[in-house]
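S.K.: Need coordinates for the following:
(one chain, ligands or ions: 1)
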Amino acid sequence: MKLPKVPQRTTTGFVFPMIERTLKECFTVRQFGLEEVAKVREFFGAEQPECTFCGSPEVKRWDHLLPISKVGDTVLGNMVPACAQCDDSKQDKPFEEWMTSDAKYSPKSLGVKDIGQRIKRMKAYIQHFGYVPRSLEDRLNKHELERLRIIRLKLLDIRDDIEMFIKDYKARTT
Ligand SMILES: [Zn+2]
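M.R.: Numbering: from 1, shown residues only. Predicted coordinates for the structure are as follows:
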């Protein structure tokens, strides 16, 4: 019997980027229910859902074309069905750049034939539903941007404090 892997230690390097992501996601629009899912299916037209990037039938995720780290919204025109491998490989990279890159599991590396067609289709999808990216500067007013700046500075401080504390503890006990 194969035993499961021992869980990784949770680090500040894991937690703090998640806080930043949470902050950004709060300012994005979220409107993506059954109706929107049906419209995506209708647009891409395949009988069996497939990964928009590589064509795999193993569709397990919804991927943000413009990632949350770049303040991408969870709406029609930005959400596409994807396989886990593509979603994990693409991460925060611009989709066109990633698809044609030599990244380990990019469509190009996997030898996907119709990459150009797929990119065109995705651009048409974005345009069809009129998705326009908006930065945090567009979404927040001056006062809110300043509030966010202060929160980020405090977070940096807390992160430093935590790391120092852990370091000191380890120095004392090992
Ligand atoms: Zn894929």
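
S.K.: got the contact list for residue 86?
M.R.: Residues in contact with residue 86 (CB atoms under 8 Å, 6 or more residues apart in numbering) are 51, 53, 54, 56, 63, 105, 107. To be clear about C-beta, it is placed using only N, CA and C from the backbone, and glycine gets the same treatment.

S.K.: Strands - which of these land there?
M.R.: residue 63 (DSSP state E).

S.K.: so what's the residue positioned nearest the centre of the chain closest to, chain neighbours aside?
M.R.: Centroid-nearest residue in the chain, with CA atoms, centre = their mean: residue 67, separated by 4.0 Å. Spatially, and ignoring its direct neighbours in sequence, residue 67 is nearest to residue 92 (4.5 Å; CB to CB, 6 or more residues apart in numbering).

S.K.: mind checking the SS state of the one you found?
M.R.: The three-state label given to residue 92 by DSSP: H, G, I helix; E, B strand; the rest coil is coil.

S.K.: Counting neighbours, what do you get for it?
M.R.: 12 (other CB atoms under 10 Å).

S.K.: Check the one 3 residues further on too.
M.R.: The local packing of residue 95 (other CB under 10 Å) involves 24 other residues.

S.K.: residue contacts, it?
M.R.: Residue 95 touches 53, 65, 119, 122, counting by CB under 8 Å, 6+ apart.

S.K.: Brilliant, that's me finished.
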